[in-house]
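Peer 1: Task: produce atomic coordinates for the following.
(chains A and B)
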Amino acid sequence: MKSLILIMISGALINNVVLNQFLGICSFLGVSKQMKASASLGGAVIFVMTIASAVASLLYDFVLKPLDLDYMKTIVFILVIAALVQIVEMFLKKTAPAIHKALGIYLPLITTNCAVLGVALTNVQNSYNFLESVLAGFGTALGFTLAIVLLAGIRSRINEEDLPRPLRGAPIVMISATLMSIAFMGFAGLSF
Amino acid sequence: MNKYVERLYNGIIKENPTLILMLGMCPTLAVSVRAMNGIGMGLSTTAVLILSNLVISLLRKVIPDDVRLPAYIVIVASLVTVTELLIEAYLPALYEALGIYIPLIVVNCIILGRAEAYANKHNPALAVMDGIGMGLGFTIALTIAGLLRELLGNGTAFGVQVLPDSVEPIGIFVQPPGAFLVIAFIIAVMNAIGIKTRQKQLVESCDGNCSMCSTICDKAGKEEKA
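Peer 2: Purely as a prediction, here's the structure:
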């Protein structure tokens, strides 16, 4: 039980996927301009990453490993994630239009979010079982959401500041990310 | 200028994928801890990029337009798997250092971006030159970032002690925050000396900046307005 909680906390805080592992930087920097958009993207990522981790873990344990096709994992995972995002989108559109409306446009973007593939591969690398993989996926996605929402909050304030010209645009956003990353380093003390 | 040489110049300087187009930020931030890692990652990506540009250019009349993106992803993923196995077999130290970022070359925006923007419209020879140019541009940018971080954070360059012992290295530069900081200042310096970068794409696009994402983004933007 303790190890399961630790996997989740580690995914969300200690090894934060964007601030420590540098996965999903594109959307982290690109979508964080508005708070609402970043929260929606975060929701979509939580949804997809949890399901993708579960499916990837099952596929690996019951198909790839028994057939000795370990080396195929990158190809299989990326295709599964791409297909999964499509299916999830269609499924949500039919069954839960409200959720689809909130997450809708952000779902297709997630296929190219390297964090999803990254988590699936890390789970395999750490030889997590099914439950551990799902929790790792969920925790990582939670960490992504936390980071992007926090950055959106910071950016909405930076916009009102009078910055030196060379720092405007990408540099100041990256410097904010630096400071967030330093703050998140403090969570390393949580690893017990 | 010869159009083949022009491709090299374009990739390395004029449209440098990392420094000007701001593509492939994940590996740039992640592996720039040491200059050597930067070179290793850059050359691995270059190999995949050259081959994927070649294959996609050869198949450009065969792949139906509707399923081109999934087809590209399969091609790139296969090439990445081959590269990964080769690195694991012949360069185990590099494999250890780059870890998960080798399989993640699949989702590097530069590769799909070049496939979509260049390789599927040009002949194989030009596509290969484009792959070499873009790959070297990426490698150079990664090496510069890696060199700066290694020098500031460790006092070494390519593993050789450069700064005298009296200069205390600043440890944070080889930690994760240092990656953001070094890239931030590289862009800031480029801004200050007036080099035009597409950084707006990086921080204001709806997601990533490969042409693949941007088409979805356009759609998303229209839906939001409607």
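Peer 1: Find me the pLDDT at residue 40, would you?
Peer 2: In the absence of a named chain, chain A is used. You'll see A:S40 listed with a pLDDT of 83.
Peer 1: hm, I was asking about chain B
Peer 2: Looking at B:G40, its pLDDT is 93.
Peer 1: Could you check which helix or strand contains it?
Peer 2: In this assignment (DSSP states H and E), B:G40 forms part of helix B:35-58.
Peer 1: Confirm for me that A:A188 is in contact with A:I14.
Peer 2: Yes - in this structure A:A188 lies within contact range of A:I14 using Cβ atoms under 8 Å: 5.9 Å. No exception for glycine: its C-beta is placed from N, CA and C like everyone else's.
Peer 1: got a list of what A:M174 touches?
Peer 2: A:M174 sits next to A:29, B:180-181, B:183-184, B:187 when contact means Cβ atoms under 8 Å, 6 or more residues apart in numbering or on different chains.
Peer 1: What helices and strands are in contact with the helix holding B:G40?
Peer 2: helix B:25-31, helix B:68-90, helix B:92-98, helix B:109-117, helix B:124-154 (3 or more Cβ pairs under 8 Å, 6 or more residues apart in numbering or on different chains; DSSP states H and E).
Peer 1: now the angle from the longest one to helix B:109-117?
Peer 2: Interaxial angle, helix B:124-154 versus helix B:109-117 (axes from the mean of the first three to the mean of the last three Cα atoms, to 10 degrees): 160 degrees.
Peer 1: So helix B:124-154, near chain A or not?
Peer 2: No - judged by Cβ under 8 Å from any Cβ of the partner chain, helix B:124-154 makes no contact with chain A; its nearest approach is 12.0 Å.
Peer 1: Okay, buried residues for that helix please.
Peer 2: For helix B:124-154, a neighbour-count test (16 or more other Cβ atoms under 10 Å in any protein chain shown) marks B:124, B:126-154 as buried.
Peer 1: Using the three-state scheme, assign B:P17.
Peer 2: Of the three states, B:P17 takes coil under DSSP: H, G, I helix; E, B strand; the rest coil.
Peer 1: distance of it from B:G137?
Peer 2: 5 Å (Cβ to Cβ, to the nearest Å).
Peer 1: Residues that sit against both of the two, list them.
Peer 2: Counting by Cβ under 8 Å, 6+ apart, the common neighbours of B:P17 and B:G137 are B:G11.
Peer 1: for the record, mean pLDDT for stretch B:157-173?
Peer 2: The pLDDT scores in stretch B:157-173 average 87.
Peer 1: What lies in contact with it?
Peer 2: Contacts for stretch B:157-173 (Cβ under 8 Å, 6+ apart): A:182, B:34-36, B:147-156, B:178, B:181-182.
Peer 1: So which residue is dead centre in chain A?
Peer 2: By Cα atoms, centre = their mean, chain A has its centre lying nearest to A:A141, at 4.0 Å.
Peer 1: Would you mark the buried spots in the helix or strand harbouring A:V88?
Peer 2: Per DSSP H and E: A:V88 is located in helix A:73-95. Of the residues in helix A:73-95, A:73-78, A:80-82, A:84-85, A:88-89, A:92 count as buried by neighbour count, 16+ other Cβ under 10 Å.
Peer 1: coming back round to it: B:L54: which of the helices and strands packed on helix B:35-58 is closest?
Peer 2: Across the helices and strands packed on helix B:35-58, B:L54 has its closest neighbour in helix B:124-154 (5.2 Å, Cβ to Cβ).
Peer 1: low pLDDT regions in the chain?
Peer 2: Just so you know, I chose chain A. Within chain A, the ranges that satisfy pLDDT under 70 run A:104-105, A:111-112, A:191-192.
Peer 1: my question was about chain B
Peer 2: Chain B contains residues with pLDDT under 70 at B:1, B:204-226.
Peer 1: repeat that for 50
Peer 2: Low-confidence segments of chain B, defined by pLDDT under 50: B:207-226.
Peer 1: tell me, which of the buried residues of helix A:73-95 make contact with chain B?
Peer 2: Answer for the buried residues of helix A:73-95 near chain B (Cβ under 8 Å from any Cβ): A:73-75, A:78, A:82.
Peer 1: In terms of distance to A:V124, which of the residues you listed ranks first?
Peer 2: Within these, the smallest distance to A:V124 is 6.2 Å, found for A:K73 (Cβ to Cβ).
Peer 1: And A:S176, how close does it get to chain B?
Peer 2: When distance is defined by Cβ to the nearest Cβ, to the nearest Å, A:S176 is 9 Å away from chain B.
Peer 1: Let's verify that residue: helix, strand, or coil?
Peer 2: Per three-state DSSP, A:S176 ends up helix.
Peer 1: tell me the contacts of it?
Peer 2: Contacts of A:S176 (Cβ under 8 Å, 6+ apart): A:151, A:154-155, A:158.
Peer 1: Neighbours of the nearest residue to B:S52 once chain neighbours are set aside, how many?
Peer 2: Using Cβ to Cβ, 6 or more residues apart in numbering or on different chains and skipping the chain neighbours, the partner closest in space to B:S52 is B:V76 (5.0 Å). Counted with other Cβ atoms under 10 Å in any protein chain shown, residues neighbouring B:V76 total 26.
Peer 1: Thank you kindly, that will do.
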